[in-house]
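Colleague: Pasted the sequence and its predicted model underneath.
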Amino acid sequence: MKLKDKVAIITGSGRGLGRACALAFSREGASVVILSRTPEDIAGTAEAIENEGGTVLAVRADVSSPGEVEEVVAEAISVFGRIDILMNNAAILGPPRVFLEICSEDWDQTMDINLKGVFLFSRAVISQMKKLGAGKIINVTSGLAEIVMPPFGAYSVSKAGVNHLTRIMAEELRAFNIQVNALDPGIMDTIMQDKIRQLGPEILGETMAEQFGTFHTDGHLKKPEDIAPLAVFLASGDSDLITGEIGSELDYSTYGYNLG
């Protein structure tokens, strides 16, 4: 098992990619700390892990709250004694509006969850990883970090920030044997995609609405379970020589990730 005796924290793990990765990490031998703002979601993930014989700690927490982040990390160390892996997965779509129509409250919420949460959790676990002499941080990003696609400006900017923060963290933590990489899962069949399709042509425009609808009807959306093995790769010793990279399945295949 690639993650035997490791302890992993996965944010936003009640559903979608976070849930799939929590199950995948557990199957590879890791004890998993899962969290979400929605207790019902993480309860379902925890039950699924326990039913497979895995070890899990479920915590309700808001990644944008410094106090709650510190409490999660402290509880994880109290229960498991260490933290080896952090996967910053929690994110929201943010306001689907053009730049000039975004109110400051919606902008702040998007940045707080999507970008500030990555900063807070990473900062909270680094001292523990330094003590261990090793660590893995995986930041979930998006192709929209590099694309101008109104009306998703706030989301795009938050993910662009995640990409650059990934590079900065990787360089600053290289000397401590802590690898930091970003995972771009591509277009997945998740609740976020459902929400985008529901916006309809009134918000997306006719062309974009048709495009997102086609992704679904033509089967182009990836299953979160199909992306989870890439997260396992980035969390394991197989990726020890990789840091500061922002990539997808294809990008990471050049470093030895097996697409099959």
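Modeller: Sure thing, it's come through. Numbers count the residues shown, from 1 in each chain.
Colleague: could you measure residue 235 against residue 106, distance?
Modeller: Using C-beta to C-beta, to the nearest Å, one obtains 32 Å as the distance from residue 235 to residue 106. Quick note: C-beta positions are derived from backbone N, CA and C, even for glycine.
Colleague: With neighbour numbers in mind, choose between those two.
Modeller: Just comparing residue 235 and residue 106: by other C-beta atoms under 10 Å the higher neighbour count belongs to residue 235, 28 against 16.
Colleague: Contacts only, for that one.
Modeller: Contact partners of residue 235, counting by C-beta atoms under 8 Å, 6 or more residues apart in numbering, are 2-3, 6, 8, 25, 30, 85, 87, 136, 138.
Colleague: Now rank these by neighbours and give me the top one.
Modeller: Among the contacts of residue 235, the one with the most neighbours (other C-beta under 10 Å) is residue 25, at 30 neighbours.
Colleague: Would you check that it makes contact with residue 232?
Modeller: Yes. Shown here, residue 25 and residue 232 form a contact pair, counting by C-beta atoms under 8 Å, at 6.6 Å.
Colleague: Can you pull the residues that touch both of the two?
Modeller: Overlap between the contact sets of residue 25 and residue 232, as judged by C-beta under 8 Å, 6+ apart, is given by residue 3.
Colleague: In this structure residue 93 contacts residue 155, no?
Modeller: Yes. Taking contact to mean C-beta under 8 Å, the distance of 5.7 Å between residue 93 and residue 155 places them in contact.
Colleague: Compare those two and say which is more crowded by neighbours.
Modeller: Shown here are residue 93 and residue 155; by other C-beta under 10 Å, residue 155 has more neighbours (23 against 16).
Colleague: quick one: what helix or strand has the closest residue in space to that one that isn't next to it in sequence in it?
Modeller: If you skip the residues right next to it in sequence, residue 155 has residue 94 as its closest partner in space, 4.4 Å away by C-beta to C-beta, 6 or more residues apart in numbering. Per DSSP states H and E: residue 94 is located in neither a helix nor a strand.
Colleague: One more: residue 230?
Modeller: When the helices and strands are read off by DSSP H and E, the one containing residue 230 is helix 224-235.
Colleague: List the contacts of the following helix or strand past that helix.
Modeller: For helix 224-235, the succeeding helix or strand toward the C-terminus, using DSSP H and E, is strand 246-247. Contacts made with strand 246-247 from outside it, assessed by C-beta under 8 Å, 6+ apart, are listed as 141, 145, 163, 166-167, 181-184.
Colleague: now do 6 Å
Modeller: Contacts of strand 246-247 with the rest of the structure, by C-beta atoms under 6 Å, 6 or more residues apart in numbering, involve 163, 182.
Colleague: again, but for stretch 40-53
Modeller: Contacts made with stretch 40-53 from outside it, assessed by C-beta under 6 Å, 6+ apart, are listed as 13-15, 19, 22, 26, 34, 36, 56, 58.
Colleague: One more pass at 7 Å, please.
Modeller: The contact list for stretch 40-53, computed with C-beta atoms under 7 Å, 6 or more residues apart in numbering, reads 13-15, 19, 22-23, 26-27, 32, 34-36, 56, 58, 60.
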